[in-house]
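Novice: no FASTA, just this:
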């Protein structure tokens, strides 16, 4: 029986069922992307960021901020190659990390990141600073499934910069 031959109720029921589950599927990310659950696939944001930046930290994404203390310069301003560290939250239980690729203004950057969209690497993703003091402690991130800036405001620690403290090289 083809889809066209199925009763209208059955086709509408399948459509409703699919649409009901779609938001949960779309919201999974590095630390859950809004679902409160961590994506358990093989692609994770922290190992990907480590491989695609000069920041060699390990552990959950949110732990990178503390781990960077004394090893890397941390700050409130983006720079190409820096890693933006998202705090742990109900939507991102493990936090999230993104690699800054370019600066688009005092409150706008483009990042590369893994697993914001489950199992995917996204390039040149817009991120905007919405913090009251322009210190990048609260951001909004482009949400490709809707083709617009996401409505959720995510708390962040700031940026881990690619240079070592005091200019030393390991």
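Specialist: All right, it came through fine. Not measured: the values here are computed from a predicted model. Numbering: from 1, shown residues only.

Novice: Show me the shaky parts of this structure.
Specialist: Counting by pLDDT under 70, the ranges of the chain that qualify are 1-41, 164-170.

Novice: Repeat the analysis, applying 90 as the threshold.
Specialist: 1-42, 163-170 (pLDDT under 90).

Novice: For residue 49, see how far away the residue nearest the centre of the chain is.
Specialist: Nearest to the geometric centre of the chain sits residue 116, at 4.5 Å (C-alpha atoms, centre = their mean). Residue 116 sits at a distance of 12 Å from residue 49 (criterion: C-beta to C-beta, to the nearest Å). For the C-beta atoms, the positions are set from N, CA and C on the backbone; glycine is no exception.

Novice: what do the two both touch?
Specialist: Residues touching both residue 116 and residue 49 by C-beta atoms under 8 Å, 6 or more residues apart in numbering: residue 98.

Novice: all strands of the protein, in order?
Specialist: Listed in chain order, the strands of the chain (DSSP state E) span residues 74-75, 83-86, 96-105, 108-114, 121-129, 138-143, 148-149, 154-160.

Novice: Please tabulate the ones you listed in JSON lines, including the columns distance to residue 63.
Specialist: Shown next, in JSON lines, are the strands of the chain (distance: least, C-beta to C-beta, whole Å):
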{"stretch": "strand 74-75", "distance to residue 63": "13"}
{"stretch": "strand 83-86", "distance to residue 63": "9"}
{"stretch": "strand 96-105", "distance to residue 63": "10"}
{"stretch": "strand 108-114", "distance to residue 63": "17"}
{"stretch": "strand 121-129", "distance to residue 63": "20"}
{"stretch": "strand 138-143", "distance to residue 63": "19"}
{"stretch": "strand 148-149", "distance to residue 63": "27"}
{"stretch": "strand 154-160", "distance to residue 63": "10"}
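
Novice: Okay then, goodbye and thanks.
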